[in-house]
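1. The amino acid sequence is not available; the structure is as follows:
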């Protein structure tokens, strides 16, 4: 069982930056691939970025490539999402998730989810 708690969301102007954190409970954090997803009002949850268990492999959605960076610190049981050059279209609730296998963009591959943190980008 893994519990995930996101933090770092807030209100920012377009062009600004935020860094999201996701702290995981337990001593098995390094066994999980981690992902970030987001959901805007009236839209389906969409993939943002994922990182392998070791942190050596990362993959991001086309919409955030070059702007968002996912990373992890297994010693701190934490995964991060650095978001730069934010746009109003990035406004959403951001969720982190833990999966037992390969880092993938599919929500169905993730077993544990956090409660989410709101990111609002004003124009």
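-> Perfect, I can see it now. It should be emphasised that the depicted structure is a prediction, and the values quoted were computed from it without experimental measurement.
2. out of everything not next to it in sequence, what's closest to residue 123?
-> residue 88 (4.8 Å; C-beta to C-beta, 6 or more residues apart in numbering). In short, each C-beta sits where N, CA and C put it, glycine included.
3. Tell me the spacing between that neighbour and residue 16.
-> Look at residue 88 and residue 16: by C-beta to C-beta, to the nearest Å, they are 11 Å apart.
4. how far away is the residue nearest to residue 123 from residue 68?
-> In terms of C-beta to C-beta, residue 88 sits 15 Å off from residue 68.
5. And these two? Which one has more around it.
-> residue 68 (21 against 11; other C-beta atoms under 10 Å).
6. Check the more buried one and give its pLDDT.
-> Model confidence at residue 68, given as pLDDT, is 98.
7. Contacts only, for the residue lying closest to residue 25 once chain neighbours are set aside.
-> Nearest non-adjacent residue to residue 25, counting by C-beta to C-beta, 6+ apart: residue 3, 4.2 Å away. For residue 3, the contact set (C-beta atoms under 8 Å, 6 or more residues apart in numbering) comprises 24, 25, 26, 112.
8. Spit out the contact partners of the third one.
-> Taking C-beta under 8 Å, 6+ apart as the contact definition, residue 26 lies against 1, 2, 3, 77.
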